[in-house]
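Visitor: With the input below, show me the fold.
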Amino acid sequence: MGEKRRVNVGVIGTGFMAETRARAYESVTGHEVRIVAVTSRSKKRAADYARRHDVPDVCDDYHEILARPDVDLVDLCVPNHLHRPMTEDTAAAGKHVICAKPLTAFDGHGLSPDTDFAAVPRAEMLRVAVENADTMVAVCERAGVQLMYAENWVYAPSIAKADRLAAASRGAILEMRGGECHSGSHSPYSKEWRYSGGGALLRLGVHPLGAMLHLKRQEGLRRGGRPIRPRAVVAEVGDLTRTPAFLNEERHWVGTGWVDVENWGSLILTFEDGTRGIVWASDAVLGGMESGLQILLSNAHIKCSMEHTNLVKAYAPDPTIFKAEYLMEKLETTAGWSSPAPNEDWAQGHHHTIQDFVESIAEGRPSLSDGRLGRDVIEVVYAGYLSAAEGRRVELTRPPH
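Guide: Numbering: from 1, shown residues only. Below is the predicted model of the structure:
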């Protein structure tokens, strides 16, 4: 690490991810970083965020943040449909961009409000989503700014260690199996295609998928100086809450109310070297978040967990015992035995993500997770939707870069 520098950040949005980011910025070492301005649809929420995280200025809209000469980096903690336009505006203002996952989505821009998204051809969704991603990458490259894809799995300590182990082993990654599951999102926006751009595959499956693409990218760079990219996809998706047995139950512990998106999905990914990846995602799994990845090499087998460790075990006979003390993400009840998380942000890689992004800006080097990785994730997911809709294997394209 070179000379210590200061990086000023403007945060757009004040939801769950913006809170995670604020904690991550506070953990950065080696360089000075500060959130200097924040904006949100709710001025009250923005003011509250600023008060709690010692942010000096609250802006009326994001254009005010882009116009500030003291802002180096803009962190987009906003819904999927805003990623492309805000990235374009941020790049035009000469600011570096952090974009939350997924990089973009099919947002139905230009379609009428009464559009039936279930009837929109998945091939069209794939075309538009990839076009969005390619445009985001291109505008940032032309503007000379970085587009950093905030895929925390890439930076999770377990995945980072697995990458080092794979490099040390000199073995070939033959197969990867990974998924993320929990009991469902509480956000109504996640349950309609017009707001989210997809269901479980897009919200949850992008994590293990991003890690797989990253690990094969790293392997390719080590072996031949170029990434090993995805080549083809076969997938299935569905809404498990529509099964007759589930509908006949009076009480439901998993999330319900899915309008036109899947709450379960799985895909098989073929890489251009013939190796495979299996991704699954579900909103119908009780017991808290489950996140993991297995890496099967020619000479080794590595198992990674993005969950907290078992440093703490706790039992409560009643959910009121621990009251407001946080235990773990997506845990349905605090009664019974649980594994309270000492530091989920660390285990899931959020601190490491922001550390790398700040260093990349301060030191003028590329980030480990970038827009091109996010672009490939989007193509695989939407190719998966096309595969599921048409019941066939979908071949992927070569990106224009």
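Visitor: Reduced to three states, what does the closest residue to Leu213 other than its chain neighbours come out as?
Guide: Of all residues beyond its chain neighbours, the one nearest Leu213 is Asp376 (5.3 Å), with distances taken as Cβ to Cβ, 6 or more residues apart in numbering. For the C-beta atoms, the positions are set from N, CA and C on the backbone; glycine is no exception. Following DSSP: H, G, I helix; E, B strand; the rest coil, the label given to Asp376 is helix.
Visitor: Equivalent analysis for Gly10, please.
Guide: Going by three-state DSSP: Gly10 is strand.
Visitor: Gly292 too?
Guide: Gly292, by the three-state scheme (three-state DSSP), is strand.
Visitor: That one: neighbouring residues, count only.
Guide: 16 (other Cβ atoms under 10 Å).
Visitor: Quick one: residues contacting the nearest residue in space to Ile321 that is not next to it in sequence.
Guide: The shortest distance from Ile321 to any residue other than its chain neighbours is 7.1 Å, reached at Thr334 (Cβ to Cβ, 6+ apart). Shown in contact with Thr334 (Cβ atoms under 8 Å, 6 or more residues apart in numbering): Ala316, Pro319, Ile321, Phe322, Leu327.
Visitor: with the residues you listed in mind, which one is nearest to Arg52?
Guide: Leu327 (21.4 Å; Cβ to Cβ).
Visitor: Can you mark which positions in the one helix or strand Tyr382 maps to are buried?
Guide: Counting by DSSP states H and E, the element that carries Tyr382 is helix 371-390. Across helix 371-390, burial judged by 16 or more other Cβ atoms under 10 Å covers 371-389.
Visitor: and after the helix or strand bottoming out on mean pLDDT in the chain, which helix or strand comes next?
Guide: Ranking every helix and strand in the chain by mean pLDDT, DSSP states H and E puts strand 314-316 at the bottom, with a mean of 70. Note on strand 314-316: by DSSP H and E, the next helix or strand toward the C-terminus is strand 336-338.
Visitor: I'd like to know which elements that next one is packed against.
Guide: strand 314-316 (3 or more Cβ pairs under 8 Å, 6 or more residues apart in numbering; DSSP states H and E).
Visitor: where does the stretch 151-300 of the chain have low pLDDT?
Guide: Across the stretch 151-300 of the chain, nothing is flagged by pLDDT under 70.
Visitor: Can you give the distance from stretch 130-148 to the centre of its chain?
Guide: Centroid separation for stretch 130-148 versus its chain: 18 Å, with Cα atoms, centre = their mean, to the nearest Å.
Visitor: Adjacent strands (with direction) for the next helix-or-strand element following the helix holding Tyr382?
Guide: Going down the chain from helix 371-390, the next helix or strand is strand 394-395, by DSSP H and E. Sheet neighbours of strand 394-395, with direction, are listed as strand 230-238 (antiparallel) (DSSP bridges).
Visitor: Show me which residues of the partner strand are buried.
Guide: Quick answer for strand 230-238 (16+ other Cβ under 10 Å): Pro230, Ala232, Val233, Val234, Ala235, Glu236, Val237.
Visitor: Just give me the closest of these to Leu215.
Guide: For the buried residues of strand 230-238, the nearest to Leu215 is Pro230 (12.0 Å; Cβ to Cβ).
Visitor: And that closest one, how far from Lys323?
Guide: 46 Å (Cβ to Cβ, to the nearest Å).
Visitor: now Trp346, nearest residue through space, not along the chain?
Guide: Closest to Trp346 by Cβ to Cβ, 6+ apart is Pro157, at 7.3 Å.
Visitor: Do a quick rundown of the helices in the stretch 101-250 of the chain.
Guide: Counting by DSSP state H, counting those that start in this stretch, the stretch 101-250 of the chain has these helices, from start to end: 122-143, 152-155, 157-169, 193-196, 200, 206-224, 244-247.
Visitor: Off-centre distance for the fourth one?
Guide: Offset of helix 193-196 from its chain centre (Cα atoms, centre = their mean): 16 Å.
Visitor: end to end, how far does stretch 365-374 reach?
Guide: Using Cα to Cα, to the nearest Å, one end of stretch 365-374 lies 18 Å from the other.
Visitor: Quick check: phi and psi on the most centrally placed residue in the chain?
Guide: Nearest residue to the geometric centre of the chain (Cα atoms, centre = their mean): Lys101, 3.2 Å. The phi/psi pair for Lys101 (degrees, to the nearest 10) reads phi -80, psi 150.
Visitor: hang on, it packs against Glu151?
Guide: Yes. If you go by Cβ atoms under 8 Å, Lys101 and Glu151 touch, sitting 5.5 Å apart.
Visitor: Return every residue with contacts to both of the two.
Guide: What both Lys101 and Glu151 touch, as defined by Cβ under 8 Å, 6+ apart, is the set Val206, His207, Gly210, Gly374, Val377.
Visitor: re the thing from before, now the buried members of the contacts of Thr334.
Guide: Taking 16+ other Cβ under 10 Å as the criterion, what is buried in the contacts of Thr334 is Ala316, Leu327.
Visitor: Looking at the contacts of Thr334, which is nearest Val11?
Guide: Leu327 (26.9 Å).
Visitor: and the closest one, how far is that from Gly110?
Guide: 44 Å.
Visitor: May I ask which two of the shared contacts of Lys101 and Glu151 are separated the most?
Guide: His207 and Gly374 (12.2 Å).
Visitor: intersection of neighbour lists for those two?
Guide: Joint contacts of His207 and Gly374 (Cβ under 8 Å, 6+ apart) are Lys101, Glu151.
Visitor: measure stretch 165-178 end to end?
Guide: Terminal-residue distance, stretch 165-178 (Cα to Cα): 18 Å.
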